[in-house]
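Participant: I need the structure of the sequence given here:
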Amino acid sequence: MIDLLRIDSLAYGGNGVGRHEGKAVFVPHTAPGDLLRCRVTREKKRYAEADLTELVEPSSLRRTPPCPVFGRCGGCQWQHLPYREQGEWKERIFRDTLVRQCALPAEKILPLAAAPDEWGYRSRVQFKCRQTENGFVMGFYRRGSHFVIDVEHCPIAASAINEALASFRGWLAHSPCPERVPQVDLAVDDEGRVRAVVHVLDGQADVLANYLRPLVTEAGYALFLQAGRKDILLHVSGESDLHIRPLADSGLRLAYGPGGFAQVNLEQNRRLVAAVLGAVAGERPRRILDLCCGMGNFSLPLAGIADEVFGVEDYAPSIDKARQNAAANLVENARFHARPAEGAYAALAGGGFDLVVLDPPRTGAYQVARELAAARPSRIVYVSCDPPTLARDLVPLLHAGFRVQWSRPVDLFPQTYHTESVTSLVLPE
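Facilitator: Numbers count the residues shown, from 1 in each chain. Here you go, the predicted structure:
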């Protein structure tokens, strides 16, 4: 037990940080300025992790979280901080990460692109489910466990998702097999249409499909049941695809199917796409390689300013969707390949690439970064959802002579510590 600890700062991961006997102590759901008592749960040589036991003197920065399960639900970390304060810390943590790990000049880090709405922004949510002795619960795992916290309304989810949550909670509670449903994935698109994927165990898919079909049909929801891997889905009702518009001032309309990927913040996704296009404003790249392209979120907008675009993604259904999106939007200069990003530059290089766009998962793309360092395209735009892996991947590029023009953090995830970013690199002539 630490009797008194003053929180001085916030760390990547969302925890508050104080110092006790020369050691950093990380405490979740705290704010800079808090004076508290805490119980150490893990102790290492240079740091400790602890749980808050008593808030002795609350920070003046605190606000009352609107969500009744904040602190128990494992989703949000920063609802107790005003949104402006969240943004300041996200920008600071992002800048400090790149300055410390990559020796970037601080002025290369542009201000955070804050979200226009801190609530109701999530267009995709996975709800965990469990049948208990007190009834059917539907919500999120408690932090660090598989205990499901019941959630009636999620303040960061889009209103259409909260409406669907209420519907599925009632439907599944009275279904023939509520105990066989571990998860429900809900998504809404830029056109307000809702799609649900209900996970079901042990051969109950047909029974559940027959029960839910008339309910979702009347509600206007598309429904799939997943009884195993995400590429094995039972289509029950409604149109398969949802659609996003990646450009604010364009008719470009991109579909993504169940199991496919689209950013959870559709408005901020448009900011990401605009930032990528802005990196080559005034230029017309001859050939562009888009690695981890998904269903064409960056590839197809880029096709409007390039001679040729090559998209690469290792999830084959997303590549199928990217090809369909190209055809539907009359884009004829984009080619898509279902293969890993590793080795793609060498396999597709031909006459080389003027621009490589890289948008990897949270684990980053260190091997790809090393390949690009050796291949030396004239420009790279790296879209990242994890500052530490971004910093790691930038190092071989910087060592190879690439120069960071700018890096901009973009807040796609208010109320959490997560930060998306776009980084523009060039190879000086």
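Participant: Any stretches of the chain with poor pLDDT?
Facilitator: For the chain, applying pLDDT under 70 flags the ranges 229-231.
Participant: Next secondary structure after the lengthiest strand in it?
Facilitator: For the chain, the longest strand by residue count, based on DSSP state E, is strand 47-57. Next in sequence after strand 47-57, counting helices and strands by DSSP states H and E, comes helix 83-102.
Participant: Work out the gap between the helix or strand following that next one and the centre of the chain.
Facilitator: Sequence-wise, the next helix or strand downstream of helix 83-102 (DSSP H and E) is strand 124-132. On the basis of CA atoms, centre = their mean, to the nearest Å, strand 124-132 sits 19 Å off its chain's mean C-alpha point.
Participant: now stretch 237-248
Facilitator: Using CA atoms, centre = their mean, the offset of stretch 237-248 from its chain centre is 18 Å.
Participant: Dihedrals phi and psi, the nearest residue to Pro65 once chain neighbours are set aside?
Facilitator: Nearest non-adjacent residue to Pro65, counting by CB to CB, 6 or more residues apart in numbering: Gln79, 3.7 Å away. The way it works is simple: take the backbone N, C-alpha and C, and place the C-beta from them, glycine included. Note on Gln79: backbone dihedrals following degrees, to the nearest 10 are phi -60, psi -20.
Participant: neighbours around Gln79, how many?
Facilitator: 24 (other CB atoms under 10 Å).
Participant: just Gly401 next, same as before
Facilitator: Neighbours around Gly401, by other CB under 10 Å: 11.
Participant: residues contacting it?
Facilitator: Neighbour list for Gly401: Arg376, Leu427, Pro428 [criterion: CB atoms under 8 Å, 6 or more residues apart in numbering].
Participant: Kindly reformat those residues as JSON lines containing distance to Ala11 and secondary structure.
Facilitator: Listed next are these as JSON lines, based on distance: CB to CB, whole Å; DSSP: H, G, I helix; E, B strand; the rest coil:
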{"residue": "Arg376", "distance to Ala11": "35", "secondary structure": "coil"}
{"residue": "Leu427", "distance to Ala11": "34", "secondary structure": "coil"}
{"residue": "Pro428", "distance to Ala11": "35", "secondary structure": "coil"}
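Participant: I'd like to know which of those are buried.
Facilitator: Buried residues within the contacts of Gly401, defined by neighbour count using 16 or more other CB atoms under 10 Å: Leu427.
Participant: Please name the residues that touch the residue nearest to Pro65.
Facilitator: Listed by CB under 8 Å, 6+ apart, the contact partners of Gln79 are Pro65, Pro66, Cys67, Phe70, Pro155, Gln415.
Participant: my read: the fifth one touches Cys73, true?
Facilitator: Think Pro155. No - the criterion here is CB atoms under 8 Å, and Pro155 misses it with Cys73 at 10.8 Å.
Participant: Give me the common contacts of those two.
Facilitator: Taking CB under 8 Å, 6+ apart as the contact rule, Pro155 and Cys73 both touch Cys67.
Participant: out of the contacts of Gln79, which is most surrounded?
Facilitator: Neighbour counts for these (other CB under 10 Å) peak at Gln415, which has 26 neighbours.
Participant: what sits against the residue nearest to Asp386 when sequence neighbours are not counted?
Facilitator: Leaving aside its sequence neighbours, Asp386 sits nearest to Arg362 (CB to CB, 6+ apart; 4.6 Å). For Arg362, the contacting residues are Cys385, Asp386, Thr389, by CB under 8 Å, 6+ apart.
Participant: What of Phe224?
Facilitator: So Phe224 contacts Arg195, Ala196, Val197, Val198, Leu233, Leu234, His235, Val236, Ser240, Pro258 (CB under 8 Å, 6+ apart).
Participant: Adjacent strands (with direction) for the helix or strand where the first one lies?
Facilitator: The secondary structure element spanning Arg195 is strand 194-199 (assigned by DSSP H and E). Taking DSSP bridges as the criterion, strand 194-199 sits next to strand 183-188 (antiparallel), strand 222-226 (parallel) in its sheet.
Participant: chain center to the last one: distance?
Facilitator: When C-alpha coordinates are averaged (CA atoms, centre = their mean), strand 222-226 and its chain have centres 22 Å apart.
Participant: helix or strand right after that strand?
Facilitator: Using DSSP H and E, the helix or strand that follows strand 222-226 in sequence is strand 233-237.
Participant: And the contacts of the next helix or strand after that following strand?
Facilitator: Following the chain from strand 233-237 toward its C-terminal end, the next helix or strand by DSSP H and E is strand 242-244. If you take CB under 8 Å, 6+ apart as the criterion, strand 242-244 is touched by 187-191, 193, 195, 222, 253-256, 262, 266, 269, 297.
Participant: from what I can see, Leu302 looks like it's in a helix, true?
Facilitator: Yes - counting by DSSP: H, G, I helix; E, B strand; the rest coil, Leu302 is found in a helix.
Participant: Distance of the residue nearest to Ala391 when sequence neighbours are not counted relative to Arg362?
Facilitator: Once flanking residues are discounted, Ala391 sits nearest to Gln101: 3.8 Å by CB to CB, 6+ apart. Remark: distance between Gln101 and Arg362 (CB to CB, to the nearest Å) = 17 Å.
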